[in-house]
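> My questions are about this predicted structure, shown below with the sequence.
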Amino acid sequence: DTGVSQDPRHKITKRGQNVTFRCDPISEHNRLYWYRQTLGQGPEFLTYFQNEAQLEKSRLLSDRFSAERPKGSFSTLEIQRTEQGDSAMYLCASGMGGRGQPQHFGDGTRLSIL
Amino acid sequence: QQQVKQSPQSLIVQKGGISIINCAYENTAFDYFPWYQQFPGKGPALLIAIRPDVSEKKEGRFTISFNKSAKQFSLHIMDSQPGDSATYFCAAFTGNQFYFGTGTSLTVIP
């Protein structure tokens, strides 16, 4: 399967701990997006990369969140000092970028904060 | 502020019926409008998409109708099947971002 892969699928942690998620995009895609999805809502944009450059961040991305995409391949999203409100599904998507280009999602990492 | 407004929130349709989900937007800079289907525990999967220079696009049982002047677009699922039961999201793209609607939970009753 050459789709978008995310790891882990589910993460349970205590409040205050740090967590890191990984996303492996479709190999030929130069754009990579991170979204957050809560129950009953659509995906909310967090940030995106064009190759290795992080070009845009949402105001939802507080300073406790950091994302990287070294070498323009896989990406990681780290949340420091997790809070109850961070509980959500974190989705990664990749695409070719540009007008009219679709993006393809992974199955997400569900984060549960105890 | 919700950039893309989606309705209804939930929809129940008999097998074989037509499911219709509507979305509206204000930002005329949007230039690409996809629909996604999401099953529980899975990420959204691209279903069908349209650009604003086209008024209708059909792929199998799925049709997007696009009304540029009204800034509205809709998804029609013909001959709805129980396997279509899922959450559907409309989205709109401009520049560098996709903006998603809040989703419609579709249940198709056998």
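Okay, I see it.
> Report whether stretch B:70-82 contacts chain A.
No - residues of stretch B:70-82 contacting chain A under CB under 8 Å from any CB of the partner chain: none, with a closest distance of 14.0 Å. Glycine gets a C-beta too; all of them are placed from N, C-alpha and C.
> mind listing what's buried in that stretch?
B:71, B:73-77, B:80 (16 or more other CB atoms under 10 Å in any protein chain shown).
> Make TSV from these and add pLDDT and secondary structure to it.
Formatted as TSV, the entries for the buried residues of stretch B:70-82 read as follows, by pLDDT from 0 to 100; DSSP: H, G, I helix; E, B strand; the rest coil:
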residue	pLDDT	secondary structure
B:Lys71	96	coil
B:Phe73	97	strand
B:Ser74	98	strand
B:Leu75	98	strand
B:His76	98	strand
B:Ile77	98	strand
B:Ser80	98	coil
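> Export those to JSON lines and append columns for distance to A:Asn51.
Written out in JSON lines, the entries for the buried residues of stretch B:70-82 read as follows (distance: CB to CB, whole Å):
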{"residue": "B:Lys71", "distance to A:Asn51": "33"}
{"residue": "B:Phe73", "distance to A:Asn51": "31"}
{"residue": "B:Ser74", "distance to A:Asn51": "36"}
{"residue": "B:Leu75", "distance to A:Asn51": "33"}
{"residue": "B:His76", "distance to A:Asn51": "38"}
{"residue": "B:Ile77", "distance to A:Asn51": "37"}
{"residue": "B:Ser80", "distance to A:Asn51": "41"}
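> what secondary structure does the closest residue to B:Phe73 other than its chain neighbours sit in?
Here the nearest residue to B:Phe73 in space, its sequence neighbours aside, is B:Phe66; by CB to CB, 6 or more residues apart in numbering or on different chains that works out to 4.5 Å. Following DSSP: H, G, I helix; E, B strand; the rest coil, we place B:Phe66 in the strand state.
> from memory B:Phe66 sits against B:Asp53, does it?
No - with contacts counted by CB atoms under 8 Å, B:Phe66 stays clear of B:Asp53, the gap being 9.1 Å.
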